[in-house]
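[1] requesting a structural model of the entry that follows:
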Amino acid sequence: MVDNQSTPSVDPSGQLLGIELISAGDGSASFALTVRDDIVNGHGMCHGGIIFLLGDTVMDYATNTGNPLSVAVHAEIDYVSPAHIGDRLVATGHVRDSWGRTRLVDATILNETTAKTVAHFRGRTREIGR
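    Residues are numbered from 1 along each chain as shown. Prediction:
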């Protein structure tokens with residue numbers, strides 16, 4: 001469930017890319033994206049920056065839904081397998097730990113079409129207030 005008072009629907013960059021909100025709330029979030037021909041790299045695979053943005057979107061919603069405003073301070077990604085045009089990616093993550101004003105988020109991006117893991121994303125956010 002999305003707390004619309006603290007977190008809007010998919011943000012403008014996500015809307016531009018066609019990211020779909022599946023769920024967000026209670027320190028977790030899930031989003032989906034179908035790979036199109038305008039978001040692939042020169043090898044015909046989904047661009048790594050797009051996959052990273054999908055993980056970052058999960059982190060944003062997992063840490064901001066129902067919580068004080070948080071912003072990203074660090075993130076990293078491990079790419080495991082490629083995704084191609086027509087593949088549907090599903091990114092799911094949760095707040096793994098928190099201390100002080102810091103939240104640690106883990107997310108996995110799966111290729112729903114091939115049932116393979118595409119990437120593992122980990123990031124930290126810092127609470128900056130409401």
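[2] max-length strand in this structure?
    As far as residue count goes, and with DSSP state E defining each element, the longest strand of the chain is strand 116-129.
[3] that one pairs with which strands?
    Strand partners for strand 116-129, identified by DSSP bridges, are recorded as strand 69-79 (antiparallel), strand 102-111 (antiparallel).
[4] in that strand, what's buried?
    Val118, Ala119, His120, Phe121, Arg122, Gly123, Arg124, Thr125, Glu127 (16 or more other C-beta atoms under 10 Å). Heads up, the C-betas are built off the backbone N, CA and C, glycines and all.
[5] show me which pair in the residues you listed is furthest apart.
    Spanning the widest gap among the buried residues of strand 116-129 are Val118 and Glu127, at 29.2 Å by C-beta to C-beta.
[6] doesn't Phe52 lie inside a strand?
    No - with the criterion set as DSSP: H, G, I helix; E, B strand; the rest coil, the secondary structure at Phe52 is helix rather than a strand.
[7] which one is it nearest to, not counting chain neighbours?
    Spatially, and ignoring its direct neighbours in sequence, Phe52 is nearest to Ile77 (5.2 Å; C-beta to C-beta, 6 or more residues apart in numbering).
[8] you'd agree that neighbour is up against His120?
    Yes - proximity of Ile77 to His120 meets the contact threshold set by C-beta atoms under 8 Å, at 7.0 Å.
[9] pLDDT below threshold where in this structure?
    Of all residues in the chain, those with pLDDT under 70 make up the ranges 1-8, 130.
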